[in-house]
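Chemist: Got a predicted model here, sequence first, then my questions.
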Amino acid sequence: MRRITITRVNPKTGRTEVPHLYRDGFYRVGDPANGSDRHKKQNEVRVRTLEEVLDHLLRGGLVRMSAGPGTGGPSQICRASLEVRVDGVQV
């Protein structure tokens, strides 16, 4: 199994953010199949693993990221703003 880390430093707060894991145990991604509407909430897809998150990001999707509880709602972020590592190697 590959070790995947997806992070970003929020440019406004300086906090490190990670994919937001919702209470139902799923991450939320903007599906690239929806083109320019991939960011809309009704077009989000629930995925269970970081492998699935990575797959959506590599195809042009978005992922909801947050710095944890009490830090504001999660924001959809594109691949270009993220640091993605697979088994320690930047992707």
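Modeler: Looks like it arrived, so ask away.

Chemist: what helix or strand does the spatially most central residue of the chain sit in?
Modeler: Centroid-nearest residue in the chain, with C-alpha atoms, centre = their mean: Val63, separated by 2.7 Å. Secondary structure from DSSP states H and E places Val63 in strand 62-66.

Chemist: would you say Ala80 is within a helix?
Modeler: Yes. Read with DSSP: H, G, I helix; E, B strand; the rest coil, Ala80 is one of the residues of a helix.

Chemist: Please tell me how far the closest residue to Leu57 other than its chain neighbours sits from Val63.
Modeler: Nearest residue to Leu57, sequence neighbours excluded (C-beta to C-beta, 6 or more residues apart in numbering): Arg79, at 4.5 Å. C-betas here are computed from N, CA, C, even on glycine. Separation of Arg79 from Val63 (C-beta to C-beta, to the nearest Å): 8 Å.

Chemist: For the two, list the residues in contact with both.
Modeler: Taking C-beta atoms under 8 Å, 6 or more residues apart in numbering as the contact rule, Arg79 and Val63 both touch Leu57.

Chemist: what number of residues lie near the residue nearest to Leu57?
Modeler: 17 (other C-beta atoms under 10 Å).

Chemist: quick one, helices of this structure?
Modeler: With DSSP state H as the criterion, the chain has helices at 50-58.
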